[in-house]
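# show me the folded form of this:
(one chain, ligands or ions: 2)
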Amino acid sequence: MSIPFRSREGSQRPSASNGIKLKMPKNKDKIEESVLDMTLRPTRWDEYIGQKHIKDNVKILLRAAEERGHIPEHILFYGPPGLGKTTLAHLIAKETGRQMKITSGPAIEKVGDLASILTNLAPGDILFIDEIHRLNKVVEEILYPAMESGVLDIIIGKGPSARTIQLDLLPFTLIAATTRVALVSSPLRSRFSGGVFRLEFYSHEEIGKIIERSSKLLNIVLEEEALKEIAKRSRFTPRTANYFLKRARDFAQVKAASAKNSGVPKQKSGNILDKKIVIDALNMLAVDDIGLNSSDRKFLEILIEKFSGGPIGLKTIAAAMSEEEATVEEIIEPYLIQLGLLERTARGRVATKKAHGHLGFEFKEKQEKLS
Ligand SMILES: Nc1ncnc2c1ncn2[C@@H]1O[C@H](COP(=O)(O)OP(=O)(O)OP(=O)(O)O)[C@@H](O)[C@H]1O
Ligand SMILES: [Mg+2]
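Ligands and ions are numbered 1, 2, ... in the order given. All right, here's what the predicted structure looks like:
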């Protein structure tokens, strides 16, 4: 079954046009998701819903740079997957009329890769590095002087005859994104002079507006109650909302076609979505009425059943789920915490009373005081 968010993994393939490696999704679902991302990606500030604090700050930064005749300073965006980091980078490029080169932390394996990317930038270009937390240390150190003083320090040769040459780079703006800001070293973080911005989860209302726009672009007639149902289950995340909308449309289309073939009269067209169709489609994806999917429920069930609700360490619970720690930490936990189903404490992860209630487990007050 497909999972409505993108994993951190991606295979690499060089782009034909500029030699820079692009992140390519691995399987069919991921490819479909990234096509959907591109189709529905806002292209103007007013189409980019929410994140007001970031929009206001970035707009001022861009305006001030333009007025001074400078290029915009380096910016870092962080937050859970699907909240709009890449979209912001594209918007900045579009609004400032600059060319943007795209790469990602794991794609820049060697110092030479970064040197070739930086020396191939045209003046004023934007370089977007996705998953910057996966940049290796040696490459990261080359980035410091490039960001700070626009120079590239390259060591030529080995041993006693090694020497450093310094190349002047053309001015560029680095925009970086990460889902794991804690893994970005503080020297690197401090070099984002334009700001380090955290993307917040969206409200139901904001998600509603995003779904409304997407439904128009995808030519879907969405009844009010159906829209609310998708918004409610979308993990406060635009990518998930768009994915659910498309899935519900596919579901409705197949239902409508098979009803027509079997001669059922007055069947709604596949492009009209009502509450029932949406609920049926999302139930098929095993997404419950508060947006938990099977991985979220498995996480909570293991935490409650195997570990008496916690506290338990991330490593242990990830191993018990046969899941990668990064997936648990970046994708599963943020939403559970946001819903108040999970707490991260100094001693480990703890399932709340609400989590017990939602999954039908009895909640026993913790034996904290037992010595
Ligand atoms: N503020 C927004 N308004 C409207 N649509 C949005 C917004 N943010 C994101 N989206 C939609 O969600 C999709 C996913 O956003 P995006 O690719 O920018 O997420 P991301 O934060 O870069 O995720 P990842 O960490 O997985 O790379 C976009 O293609 C766009 O359609
Ligand atoms: Mg992205």
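# strands of the stretch 1-150 of the chain, start to end?
With DSSP state E, counting those that start in this stretch, the ranges of strands along the stretch 1-150 of the chain come out as 11-14, 21-24, 75-78, 100-104, 126-130.
# out of the ones you listed, which gets the lowest mean score?
Set side by side, those give their lowest mean pLDDT on strand 11-14, at a mean of 37.
# for the closest residue in space to Leu285 that isn't next to it in sequence, give its distance to Phe201.
Of all residues not flanking Leu285 in the chain, Arg247 sits nearest, at 6.3 Å (C-beta to C-beta, 6 or more residues apart in numbering). Any C-beta I mention is one placed from the backbone N, CA and C, and that applies to glycine too. Going from Arg247 to Phe201 by C-beta to C-beta, to the nearest Å gives 21 Å.
# now swap in Thr237 and tell me
Taking C-beta to C-beta, one finds Thr237 at 7 Å from Phe201.
# next SSE after the strand or helix carrying Ala226?
Assigned by DSSP states H and E, Ala226 belongs to helix 224-232. The helix or strand immediately downstream of helix 224-232 is helix 238-261, counting by DSSP H and E.
# same for the host helix or strand of Glu333, what does it pack against?
Following DSSP H and E, one finds Glu333 within helix 333-338. Judged by 3 or more C-beta pairs under 8 Å, 6 or more residues apart in numbering; DSSP states H and E, the packing partners of helix 333-338 are helix 294-305, strand 342-345.
# off-centre distance for stretch 91-99?
20 Å (C-alpha atoms, centre = their mean, to the nearest Å).
# now that stretch: mean pLDDT?
Mean predicted confidence for stretch 91-99 is 96.
# can you mark which positions in it are buried?
Residues Leu91, Ile92, Ala93, Glu95, Thr96, Arg98 are the ones in stretch 91-99 that count as buried (16 or more other C-beta atoms under 10 Å).
# for stretch 156-171, buried residues please.
For stretch 156-171, by 16+ other C-beta under 10 Å, it's Leu169.
# now do the same end-to-end measure for it.
Taking C-alpha to C-alpha, to the nearest Å, the first and last residues of stretch 156-171 lie 24 Å apart.
# please list which of the buried residues of stretch 91-99 are also close to ligand 1.
Near ligand 1, judged by C-beta under 6 Å from any ligand atom, there are no entries from the buried residues of stretch 91-99.
# which ones among those map onto helices?
Here DSSP state H is the test, and these give Leu91, Ile92, Ala93, Glu95, Thr96 as lying in helices.
# distance of the residue lying closest to the first one once chain neighbours are set aside from Ile210?
Okay, so that is Leu91. Closest residue in space to Leu91, ignoring its immediate chain neighbours: Tyr48 at 6.0 Å, by C-beta to C-beta, 6+ apart. Between Tyr48 and Ile210 the computed distance is 9 Å (C-beta to C-beta).
# how far is the helix holding Glu333 from where the chain is centred?
Centroid separation between helix 333-338 and its chain, computed with C-alpha atoms, centre = their mean, is 14 Å.
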